[in-house]
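K.L.:
Curious how this folds, go ahead:
(chains A, B, C and D)
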There are 4 protein chains.
Amino acid sequence: MATTIETLTSEIRDFRDARDWLQFHNPKELAVAITAEAGELLQHFVWQSAEQSERRVTERRAEIESEIANVAILLLELADNCRIDLAAAIRTKLARNNERYPVARSKGSNRKYNEL
Amino acid sequence: MATTIETLTSEIRDFRDARDWLQFHNPKELAVAITAEAGELLQHFVWQSAEQSERRVTERRAEIESEIANVAILLLELADNCRIDLAAAIRTKLARNNERYPVARSKGSNRKYNEL
Amino acid sequence: MATTIETLTSEIRDFRDARDWLQFHNPKELAVAITAEAGELLQHFVWQSAEQSERRVTERRAEIESEIANVAILLLELADNCRIDLAAAIRTKLARNNERYPVARSKGSNRKYNEL
Amino acid sequence: MATTIETLTSEIRDFRDARDWLQFHNPKELAVAITAEAGELLQHFVWQSAEQSERRVTERRAEIESEIANVAILLLELADNCRIDLAAAIRTKLARNNERYPVARSKGSNRKYNEL
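P.N.:
Next comes the predicted model:
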């Protein structure tokens, strides 16, 4: 059975509250932790080519999976903390990106919307 | 009806593939983009106190929601790209953190597991 | 005798060129490496209070010094790579910040210039 | 006349102290600001190829120079705040990297020292 964001968020909240960690986990500290964990994820790929990065994902799967999970847990907690409906926020953003990046103009291009 | 990670991931994949962007979105480039977007999120809270960061979430909700969605979209795409089951990865990590941070020793403490 | 930025940059350039690494060290890759190393530096302070962060600097001085040096080496190399005179760039920025943050309005305040 | 790190650091300290900002600029907050500014620098290069990143440095020189200066100012301030001699720290690190990356084994290779 597929897992919803709500279910995962609730498990993360339980983990945090059992340890009385909400006192440390305000929006700023969560953003700090997310950036630090994103940096650890990025560390895997520094200096590497695209091909090397794909090989690394295969060779270091457990570590990379663990780094991705770290960022995800903190991000779900931040959204919850800010009372943001993450699924709705993602869809709002995809809709906006759909306007910013019309298929006809952005297909096959890596330019930013304001530089298309 | 609650949204599953699978459904959101599939919407993100459709968005990417309509633009033929997989050629740019290898694991390294996704990690780079995640870190850059995490930095934009963090930028909201630089120099701020915990109280100020909570007020900012209220006052700049739309922008912060948008930054969180940016990181989330890229993270779901990276997990999919690496064929990682994100829900399973999150639960594996919570289980490991449960061992690393036993409630009795970590309750009310902000220390890292290897410094508890 | 005090060390100039030019001298340090020249030592960093020699280190890089002895290894034929310029091929990997384009501006993008240097920015990626700087952000990843900044993330490692930040990792030291995640969840910590201001007081804890000051104590940590004392207790983990060698590691923190090493992280700061990592960022500095890459930053000097990036400036050199982009043919930017870093000392001049720093002074230009300080002059601009001096206009953005007039002492009378910014003294004792942690607000951004566009929110003063 | 070439500029020393000491001179620049002293100018940065004067700027900070005229605004009474030391109260906000503890090591943690400086590391947070450095990472956020590094993320802004990185934002210039997201999705870009090496060639595009080199072109961007030419086309957006003033902005990129300003981002590099932001990181540099904060890094000099952090080193000063921690009473770290940055020039010495850079040379210590270069010496250690010289051992970790012997020319004979690392020439032309983008591998990390523990994966050489």
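K.L.:
can you pull the contacts of the spatially most central residue of chain A?
P.N.:
For chain A, the residue nearest the mean C-alpha position is residue A:72 (5.2 Å; Cα atoms, centre = their mean). Going by Cβ atoms under 8 Å, 6 or more residues apart in numbering or on different chains, residue A:72 touches B:75, B:79, B:86, B:89, B:90. For glycine as for every other residue, the C-beta is placed from the backbone atoms N, C-alpha and C.
K.L.:
Which element, helix or strand, includes it?
P.N.:
With secondary structure defined by DSSP states H and E, residue A:72 is part of helix A:61-81.
K.L.:
sorry, back to before: out of the contacts of residue A:72, who's nearest chain D?
P.N.:
residue B:75 (14.7 Å; Cβ to the nearest Cβ).
K.L.:
In this structure that closest one contacts residue A:71, no?
P.N.:
Yes - if you go by Cβ atoms under 8 Å, residue B:75 and residue A:71 touch, sitting 5.9 Å apart.
K.L.:
ok, back up a step: ok, and of the contacts of residue A:72, which contact chain C?
P.N.:
With Cβ under 8 Å from any Cβ of the partner chain as the criterion, the contacts of residue A:72 include none near chain C.
K.L.:
In chain A, which residue sits furthest out from the middle?
P.N.:
residue A:104 (27.8 Å).
K.L.:
Spatially nearest residue to residue A:71 (excluding sequence neighbours)?
P.N.:
Leaving out its chain neighbours, the residue that sits closest to residue A:71 by Cβ to Cβ, 6 or more residues apart in numbering or on different chains is residue A:37, at 4.9 Å.
K.L.:
remind me which residues of chain A are low pLDDT?
P.N.:
Low-confidence segments of chain A (pLDDT under 70): A:1.
K.L.:
Those residues of it touching chain D, which are they?
P.N.:
For chain A, the residues in contact with chain D (Cβ under 8 Å from any Cβ) are A:32, A:35, A:36, A:39, A:47, A:48, A:49, A:52, A:110.
K.L.:
please redo it, this time with the cut-off set to 6 Å
P.N.:
Contacts of chain A with chain D, taken as Cβ under 6 Å from any Cβ of the partner chain, map to A:32, A:35, A:47, A:110.
K.L.:
which two from those residues end up farthest apart in space?
P.N.:
A:32 and A:110 (29.4 Å; Cβ to Cβ).
K.L.:
Between those two, which has more neighbouring residues?
P.N.:
residue A:32 (30 against 16; other Cβ atoms under 10 Å in any protein chain shown).
K.L.:
list the contacts for the more buried one?
P.N.:
Neighbouring residues of residue A:32 by Cβ atoms under 6 Å, 6 or more residues apart in numbering or on different chains: residue D:32.
K.L.:
tell me which element it is part of?
P.N.:
Using DSSP H and E, residue A:32 falls in helix A:27-43.
K.L.:
So for that helix, what gets flagged as buried?
P.N.:
A:27-43 (16 or more other Cβ atoms under 10 Å in any protein chain shown).
K.L.:
which element follows it toward the C-terminus?
P.N.:
Going down the chain from helix A:27-43, the next helix or strand is helix A:50-59, by DSSP H and E.
K.L.:
Can you give me the domain assignment for chain A?
P.N.:
For chain A, the structural domains run A:1-84, A:85-116, going by automatic domain parsing.
K.L.:
Check the offset of stretch A:73-84 from the chain's centre.
P.N.:
Taking the mean of its C-alpha atoms, stretch A:73-84 sits 11 Å from the chain's own mean (Cα atoms, centre = their mean, to the nearest Å).
K.L.:
Which one of the contacts of residue A:72 is nearest to chain C?
P.N.:
Nearest to chain C out of these is residue B:75 (Cβ to the nearest Cβ; 15.5 Å).
K.L.:
can you tell me which residues contact that closest one?
P.N.:
Neighbouring residues of residue B:75 by Cβ under 6 Å, 6+ apart: A:71, A:72.
K.L.:
if you set the cut-off to 7 Å instead, what comes out?
P.N.:
Contact analysis of residue B:75 by Cβ atoms under 7 Å, 6 or more residues apart in numbering or on different chains lists A:68, A:71, A:72, A:75, B:34.
K.L.:
What count of nearby residues applies to the first one?
P.N.:
When neighbours are defined as other Cβ under 10 Å, residue A:68 has 27 of them.
K.L.:
Quickly note the distance from it to residue B:93.
P.N.:
Using Cβ to Cβ, to the nearest Å, residue A:68 is found at 9 Å from residue B:93.
K.L.:
Is the nearest residue to residue A:7 once chain neighbours are set aside in a helix, a strand, or coil?
P.N.:
Excluding the flanking residues, the one nearest residue A:7 by Cβ to Cβ, 6+ apart is residue B:2, at 7.7 Å. Assigned by DSSP: H, G, I helix; E, B strand; the rest coil, the conformation of residue B:2 is coil.
K.L.:
May I ask you to confirm that residue B:2 is in contact with residue A:8?
P.N.:
No - under the criterion of Cβ atoms under 7 Å, residue B:2 makes no contact with residue A:8, lying 10.7 Å away.
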